[in-house]
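Asks: please find the sequence and the predicted model below.
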Number of protein chains: 2
Amino acid sequence: MDLVRIYECLCDRTRLRILHLLGQGPLCVCHFQEVLGESQVKISKHLAYLRARALVETERHGNWMIYSLPARRAAELEANLKCLQDCVQGDPEFGRDLEKLATLDLECCGLAEVLSRRKARSA
Amino acid sequence: MDLVRIYECLCDRTRLRILHLLGQGPLCVCHFQEVLGESQVKISKHLAYLRARALVETERHGNWMIYSLPARRAAELEANLKCLQDCVQGDPEFGRDLEKLATLDLECCGLAEVLSRRKARSA
DNA sequence: TGAATATATACCGATACGAGAATATAGACT
DNA sequence: AGTCTATATTCTCGTATCGGTATATATTCA
């Protein structure tokens, strides 16, 4: 996995916020829109950017697209995701994102079903 | 220190190689040219880029410019420099850079004198 | 003073990015 | 079939980046 490609993904604040949220677990597009308060297009394009560089994976569930961090991650990616989570500690905006995420109904898109199916597959 | 600014510095391979080398200690421009085998302009511009974002510091010594990592570093910078050094382990190009650096005469620009003056100042 | 050396800057062209507006697609439901 | 909802893509514009060529600056040395 190319280090430079990873860093390219990290040099936009919206993408950092997305990756930070994904540290909590899989989410669908509407969650990002809601938490970050950004337009659908903007979110969707940043997700496409991350996906094209394999920093996130997707799974369709009906109308919804579930995004998650890759199940298996190259060492460089793992290290940088960890570093990101550390660096972001104490930044109020990232903190608020987590708080806002906690208030959301994650089940709007049937997340639980996707996760249980996923668990079954990997077993 | 803005995280995004840091990541912007990290998304070019030449700059990664420069920062990696600086992990060994202060160096002057001619060392980078020699080790990386890149043109003077290219090196100089990447160093200017890093300097503008405070990822490196400079000190003039006669005709030479000595570049080093900042003496005092924000936590985010420190964490990412550490992460970079880890991620780069095992990449042959970065390894060769270190080997090549070891063969150079670092004293071409009077580095030792600068370092001893610097130590005296901080004491 | 002038010449030589080390480094920096200005300018140019090609390419990529970021954001918004408009439009397209895919799946669910009737 | 058509409609609705969630998400993706296309187009366009302004701006940043990267690399090269040419030129400028700063310092030393004679």
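Replies: Good, I have the coordinates.
Asks: center of chain A - which residue?
Replies: Centrality entry for chain A: nearest residue to the mean C-alpha point is residue A:22, 3.2 Å, by CA atoms, centre = their mean.
Asks: quick check: it touching residue A:66?
Replies: No. Applying CB atoms under 8 Å as the test, residue A:22 and residue A:66 come out as separate, 10.6 Å apart. Just so you know, the C-beta spots here come from the backbone N, C-alpha and C atoms, and that holds for glycine as well.
Asks: still on that earlier bit, per-residue pLDDT, the residue nearest to the centre of chain A?
Replies: On pLDDT, residue A:22 comes in at 98.
Asks: next one: residue A:111
Replies: You'll see residue A:111 listed with a pLDDT of 91.
Asks: likewise for residue A:118?
Replies: In this prediction, residue A:118 carries a pLDDT score of 85.
Asks: could you check the helix or strand of chain A with the lowest mean pLDDT against DNA strand D for contacts?
Replies: Averaged element by element with mean pLDDT, DSSP states H and E, chain A has its least confident helix or strand at helix A:111-122 (a mean of 87). No. Contact of helix A:111-122 with DNA strand D is not found when judged by CB under 7 Å from any atom of the strand; the minimum separation is 10.3 Å.
Asks: CA atoms of that helix as CSV?
Replies: Included here for helix A:111-122 are C-alpha records, laid out as CSV according to Å, rounded to 0.1, in the frame of the first residue of the first chain:
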residue,chain,number,x,y,z
LEU,A,111,-27.0,-1.4,10.0
ALA,A,112,-27.5,-4.1,12.6
GLU,A,113,-28.7,-6.6,10.0
VAL,A,114,-25.7,-5.9,7.8
LEU,A,115,-23.3,-6.3,10.7
SER,A,116,-24.8,-9.6,11.8
ARG,A,117,-24.7,-10.9,8.3
ARG,A,118,-21.1,-9.9,8.1
LYS,A,119,-20.3,-11.6,11.3
ALA,A,120,-22.0,-14.8,10.1
ARG,A,121,-19.9,-14.7,6.9
SER,A,122,-16.6,-14.3,8.6
